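Undergrad: The sequence and its predicted three-dimensional model are supplied below.
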Amino acid sequence: MLKRMQPDICVATHFLPAEIIGWLIARQKLRAKHAIVVTDYDVHALWLCRTVDRYYVALEESAEYIARIGVPREKLRIAGIPVDPAFAVPADRVAARKHFSLDLEAPTLLVSAGGEGVGPIERIVRELLAMQKPWQIVAVAGKSEKMRMRLETITQTAGTLPSGKARLCAVGFTAEMDQYMAAADLLVGKAGGLTTSEALARALPMALVEPIPGQEERNSDHLLEAGAAIRCNNLPAAAWKIAGLLDDSARLRRMQDAARGMARPNAAAAIAEDAVGLVDY
């Protein structure tokens, strides 16, 4: 398809298509400009290609790293990680909670398994409920229907808050994560580049649970260094650690400020505008 279309520019947001495009350009089978959007906070080796006209990275440190290993600085732009434009639109917390029929006052935890529904979400939810705290928990199972059904079963015994609202709300795949994040006080989940970038855009602090070695661990390091997240390396102690954070309102506010400071909700538009400029008409 690429050889038939001969596009003017290819913008890759994953390292596998970037490698394919780079291979085609190197063998003169494709004449396109080649742009790579690094969708993690760190640049690991799989992102590196020789036939790149522009790298878009999330952090100054990432740009400095690839500059020092040989990528010309004029090819680098610090743009952030692109997220849905919905995250650039200000959202009201009370309105978001009303939209989902959530308690308007209770501390709200958004537990996310990511779009594919992976991770120890069921155990985390059970242990958070076992803390017997006045929280409401919104658990998003993503595309995993089995996980959603198991979470629905837990809701039957999770009880209610003093307001009468359910302590646990189970959600399947949703296109309203921007609103769920607007409604929440803390995101509990994985350290993927896109999910964490969405949380930053909503100034939402994070509790990162058992990051996958490699890119998720590196994402965690950057978020921890900035003060926007805590890291729960040991699942049995995760609920206890999260409870300690929610009991410290001053720390939670500092983390919100840190998340807001890292956010680049308009990254997608900025990248698109710059990438178009690579093409000579």
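TA: Sure thing, it's come through.

Undergrad: contacts, neighbours, all on C-alpha from now
TA: Fine.

Undergrad: So, low pLDDT: which residues of the stretch 151-281 of the chain?
TA: When the per-residue scores of the stretch 151-281 of the chain are filtered using pLDDT under 70, the ranges that remain are 281.

Undergrad: Which helix or strand contains the closest residue in space to residue 226 that isn't next to it in sequence?
TA: With CA to CA, 6 or more residues apart in numbering as the measure, residue 258 is the residue that lies nearest to residue 226, at 6.3 Å, once sequence neighbours are left out. Residue 258 is part of helix 249-262, with elements assigned from DSSP states H and E.

Undergrad: contacts for stretch 230-238?
TA: For stretch 230-238, the external contacting residues (CA atoms under 8 Å, 6 or more residues apart in numbering) are 124, 206-211, 220, 224, 241.

Undergrad: Farthest pair within those?
TA: 124 and 224 (20.6 Å; CA to CA).

Undergrad: So for these two, which residue has more residues nearby?
TA: The neighbour comparison of residue 124 against residue 224 (other CA atoms under 10 Å) goes to residue 124, with 21 against 18.

Undergrad: Am I right that that one falls within a helix?
TA: Yes. With DSSP: H, G, I helix; E, B strand; the rest coil as the criterion, residue 124 is assigned to a helix.

Undergrad: pretty sure it is touching residue 239, no?
TA: Yes. Applying CA atoms under 8 Å as the test, residue 124 and residue 239 come out as touching, 7.0 Å apart.

Undergrad: Got the phi and psi for the residue nearest the centre of the chain?
TA: To find the centre residue of the chain, average its C-alpha atoms and take the closest one (CA atoms, centre = their mean): that gives residue 195, at 1.5 Å. The main-chain torsion angles of residue 195 are listed as degrees, to the nearest 10 and equal phi -60, psi -40.

Undergrad: picking that back up, run a quick check on the residue nearest to residue 226 versus residue 228, I expect a contact.
TA: Yes. Look at residue 258 against residue 228 with CA under 8 Å: they come within range, at 5.1 Å.

Undergrad: Neighbour count for these two, which is higher?
TA: Comparing residue 258 with residue 228 by other CA under 10 Å, the one with more neighbours is residue 228, at 28 against 22.

Undergrad: what kind of secondary structure is residue 36 in?
TA: strand.

Undergrad: Same question for residue 11.
TA: Following three-state DSSP, we place residue 11 in the strand state.

Undergrad: gap between it and residue 43?
TA: 17 Å (CA to CA, to the nearest Å).

Undergrad: again with residue 68
TA: Distance of residue 68 to residue 43, computed by CA to CA: 12 Å.

Undergrad: Same question for residue 144.
TA: From residue 144 over to residue 43 (counting by CA to CA), the distance is 30 Å.

Undergrad: and what of residue 231?
TA: 21 Å.

Undergrad: just residue 238 next, same as before
TA: Residue 238 is 28 Å from residue 43, where distance means CA to CA.

Undergrad: Next: residue 66.
TA: Residue 66 is 8 Å from residue 43, where distance means CA to CA.

Undergrad: just residue 261 next, same as before
TA: Counting by CA to CA, the separation of residue 261 from residue 43 is 21 Å.

Undergrad: more neighbours, those two?
TA: In this comparison of residue 261 against residue 43, neighbours counted by other CA under 10 Å, the higher total goes to residue 43 at 21 against 14.

Undergrad: list the contacts for residue 194?
TA: By CA under 8 Å, 6+ apart, the contact list for residue 194 reads 39-40, 81-83.
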